[in-house]
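Q: return atomic coordinates for the entry below.
(one chain, ligands or ions: 1)
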Amino acid sequence: MSDAPLRSAGRKTIRPSLAPRDLMADEDLAGAWCARVVTLVPEAWPGVLGHSLTGKALRDGLWSLGVTDLRHHGEGRHRNVDDTPAGGGAGMVIRADVGARAVAAALDGAPAIPRLLMSPRGRRLDQGLARALARGPGVLLVCGRFEGVDERLIEHGGLLEVSLGDFVLTGGDIAAQALIDASVRLMPRVLGNQRSAEEESFSSGLLEHPQYTKPALWEGRAVPEVLLSGNHAAIAAWRKGEAERLTKDRRPDLWRALRPEG
Ligand code: SAH
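A: Numbers count the residues shown, from 1 in each chain. Sure thing, here's the model as predicted:
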């Protein structure tokens, strides 16, 4: 069955008033960062990615989104995508043959992009992975459901398993949207002010310093005086000190990675 994946291209001609589902157009914009997703819940896409800065970037054609419905590739009249686990046990497992057909359809017409499976067993998503993906041509993300996918789909498809963290979600879609969000916001022109991506948590290996805005005094709490001093060197030193204090305190693992001797 022809899949006609809901390929969304952020096109300059798309009016900002269109609802997110209307962004699912047909042709990928040449050169745009290419995200392809295989899912059992296509209606959840682009979801939150269709809003705010990622949504604007999608409409502006900085990245494109193609969503392939796993169900379209299911077996038989009922388009079954899963079956009981070999060896017994609870739940259902997504079939390798069905998954592989959906992956092939999702990759159709895409450039050579890394293929990932969202999975609690995977390597943890971090800023380094988001940065590496953002620099590349895009990504294919397979979103699992139920008990997960047949291991042969992972082997056959050469899928790299990536986890959002040490907890279990009902499906991979939220994790996949988190990964795309973290990658897309690192692309030039997505954030209004590129410096905010350079200065924030993790980019220097440190957590970010505390931020304040107006009013200068609120509920008896003042904005630290140095931030209102206009002394840029003093402000930078204060921020660095706070970033180091927070990192040492909250994330000794990050701190040790920066200062192996102590
Ligand atoms: N039985 C599996 C969990 C399946 S959860 C196990 O114990 O490992 C169903 C699907 O949700 C998974 O296939 C995966 O795609 C997604 N998922 C769940 N937790 C996730 C996490 N922490 N990170 C990324 N994807 C996750």
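Q: who in the chain is up against the ligand?
A: Of all the residues in the chain, those in contact range of the ligand (C-beta under 6 Å from any ligand atom) are 118-121, 143-145, 147-148, 163-165, 167-169, 171-172, 175. Where you see a C-beta, it was placed from the backbone N, CA and C, and this is true even at glycine.
Q: list only buried entries from these.
A: Among these, those classed as buried by neighbour count (16 or more other C-beta atoms under 10 Å) are 118-120, 143-145, 148, 163-164, 169, 171-172, 175.
Q: which ones among these are found in strands?
A: For these, membership in strands holds for 118-120, 143, 163, with DSSP state E as the criterion.
Q: nearest to Gln211, of these?
A: For Gln211, the nearest member of those is Ser163. The distance, counting by C-beta to C-beta, is 28.9 Å.
Q: neighbours around the residue nearest to the closest one when sequence neighbours are not counted, how many?
A: Closest residue in space to Ser163, ignoring its immediate chain neighbours: Gly122 at 4.1 Å, by C-beta to C-beta, 6 or more residues apart in numbering. Residues lying near Gly122 (other C-beta atoms under 10 Å) number 17.
Q: helix, strand, or coil at Gly122?
A: For Gly122, the reduced secondary structure class is strand; criterion used: DSSP: H, G, I helix; E, B strand; the rest coil.
Q: give me every residue that touches it.
A: With contacts defined as C-beta atoms under 8 Å, 6 or more residues apart in numbering, Gly122 is in contact with 116, 160-163.
Q: tell me the domain ranges of the chain?
A: As assigned by automatic domain parsing, the chain contains the domains 8-184, 202-258.
Q: deepest of those domains, which one?
A: When those are scored by mean count of other C-beta atoms under 10 Å, the highest mean neighbour count falls to domain 8-184 (a mean of 18).
Q: for the record, mean pLDDT for stretch 159-174?
A: On average, the pLDDT along stretch 159-174 is 98.
Q: what does that stretch rub up against?
A: Residues from elsewhere that reach stretch 159-174, judged by C-beta under 8 Å, 6+ apart: 37, 39-41, 44-45, 47, 114-125, 129, 141-145, 153-154, 175, 178-179.
Q: got the end-to-end distance for it?
A: End-to-end distance of stretch 159-174 (C-alpha to C-alpha, to the nearest Å): 18 Å.
Q: now find how far off-centre it is within its chain.
A: On the basis of C-alpha atoms, centre = their mean, to the nearest Å, stretch 159-174 is displaced by 11 Å from the centre of the chain it belongs to.
Q: can you check stretch 230-247 too?
A: 30 Å.
Q: can I have it written out in PDB, keeping just the CAs?
A: Output of stretch 230-247 as PDB, limited to C-alpha atoms (Å, rounded to 0.1, in the frame of the first residue of the first chain):
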ATOM      1  CA  GLY A 230      26.900  47.800  34.300                       C
ATOM      2  CA  ASN A 231      30.300  46.400  35.000                       C
ATOM      3  CA  HIS A 232      30.600  43.700  32.300                       C
ATOM      4  CA  ALA A 233      33.800  42.200  33.700                       C
ATOM      5  CA  ALA A 234      32.300  41.900  37.200                       C
ATOM      6  CA  ILE A 235      29.100  40.500  35.800                       C
ATOM      7  CA  ALA A 236      30.900  37.800  33.700                       C
ATOM      8  CA  ALA A 237      33.000  36.900  36.800                       C
ATOM      9  CA  TRP A 238      29.900  36.600  39.000                       C
ATOM     10  CA  ARG A 239      28.100  34.400  36.400                       C
ATOM     11  CA  LYS A 240      31.100  32.100  36.000                       C
ATOM     12  CA  GLY A 241      31.400  31.800  39.800                       C
ATOM     13  CA  GLU A 242      27.700  30.900  40.100                       C
ATOM     14  CA  ALA A 243      27.800  28.400  37.200                       C
ATOM     15  CA  GLU A 244      30.800  26.700  38.900                       C
ATOM     16  CA  ARG A 245      29.100  26.700  42.300                       C
ATOM     17  CA  LEU A 246      25.800  25.200  40.900                       C
ATOM     18  CA  THR A 247      27.700  22.600  38.800                       C
END
